[in-house]
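1. Take this sequence and fold it.
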Amino acid sequence: MIKAVFFDYDGVLTTDKSGSLTTTRYLSRATGLDGSAVSAAFSRYNRALTLGHVTHGQIWKELCRSLGRDLDIALLFEAFESTPMNRDMFALARKLKRSRQVGIITDNKKDRIDHLKHHQGLEPLFSPIVVSAEVGSDKRSTAIFMHALHLARIEAREALFIDNNEENLAAPRALGMTAILHDDERNDVEALSDALDACGLGGE
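-> Have a look, this model is predicted:
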């Protein structure tokens, strides 16, 4: 029996494929800087940020130098707040929460998710919220999933994970978790609900 459903964040609970896309798009539009230049500047730090080796605050001055502009870091938090919620997916999570534990497992930056926990009201709905930058491991490894299972106090066979990247389903499946791919391009939440129904959930 599935006791807990874990959602990926970007591309599943949001309608943007990645958090990097959301952040760099907003900063480009807000500053007039070329989007590819902003993306390239951030990409240098992405893995270190995602694994919690550094924070945005620690790399901000260096990032600004690479862009040739002294930007207020407040723009970064505005970029976080521009993250588009997938409201149909949130509605599905609320339905699931009636009878199951509902959580998040995400490769993400700690300061971003900390800000969005408040801005989007994540914590009343999702528990646990497991972030790669806090665990020091991303979804390439089983470690982040094992940590989530420990926090949820369940076994792998009692958990289901939803992600928009097929590569991210290998590690949870290796542990014995059920894993489902969500097509973020189609964003067919009804089809996902049908897949959950086939697993004995059905969003109820």
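2. Please count neighbours and contacts with C-alpha atoms only from this point.
-> Fine.
3. Quick one, grab the pLDDT at Gly202.
-> Looking at Gly202, its pLDDT reads 54.
4. what sits against Ala152?
-> Ala4, Gln101, Ser127, Pro128 (CA atoms under 8 Å, 6 or more residues apart in numbering).
5. In strands only, show me these.
-> Secondary structure from DSSP state E places Ala4, Gln101 of the contacts of Ala152 in strands.
6. what would the contacts of Ala152 look like in JSON lines with neighbour count and distance to Ile73?
-> Below are the contacts of Ala152 laid out as JSON lines (neighbours: other CA atoms under 10 Å; distance: CA to CA, whole Å):
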{"residue": "Ala4", "neighbour count": "25", "distance to Ile73": "37"}
{"residue": "Gln101", "neighbour count": "19", "distance to Ile73": "35"}
{"residue": "Ser127", "neighbour count": "18", "distance to Ile73": "29"}
{"residue": "Pro128", "neighbour count": "19", "distance to Ile73": "28"}
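7. Looking at the contacts of Ala152, which one is closest to Asn108?
-> Within the contacts of Ala152, the smallest distance to Asn108 is 14.6 Å, found for Pro128 (CA to CA).
8. Now do the closest one against Ser82, distance only.
-> To Ser82, Pro128 is 23 Å away according to CA to CA, to the nearest Å.
9. what separates the helix or strand bottoming out on mean pLDDT in the chain from the chain centre, distance-wise?
-> Between all helices and strands in the chain, the lowest mean by mean pLDDT, DSSP states H and E belongs to helix 189-198, at a mean of 94. Relative to its chain's centre, helix 189-198 lies at 20 Å (CA atoms, centre = their mean, to the nearest Å).
10. Just the CA trace of that helix, in CSV.
-> These are the backbone C-alpha positions of helix 189-198, laid out as CSV (Å, rounded to 0.1, in the frame of the first residue of the first chain):
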residue,chain,number,x,y,z
VAL,A,189,-2.7,16.2,-14.7
GLU,A,190,-5.8,14.1,-15.5
ALA,A,191,-3.6,11.5,-17.1
LEU,A,192,-1.3,11.5,-14.0
SER,A,193,-4.4,11.1,-11.8
ASP,A,194,-5.3,8.1,-13.9
ALA,A,195,-1.8,6.6,-13.4
LEU,A,196,-2.2,7.1,-9.6
ASP,A,197,-5.5,5.4,-9.8
ALA,A,198,-3.8,2.4,-11.3
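11. What are the buried residues along that helix?
-> Residues of helix 189-198 classed as buried by neighbour count (16 or more other CA atoms under 10 Å): Val189, Leu192, Ser193, Ala195, Leu196.
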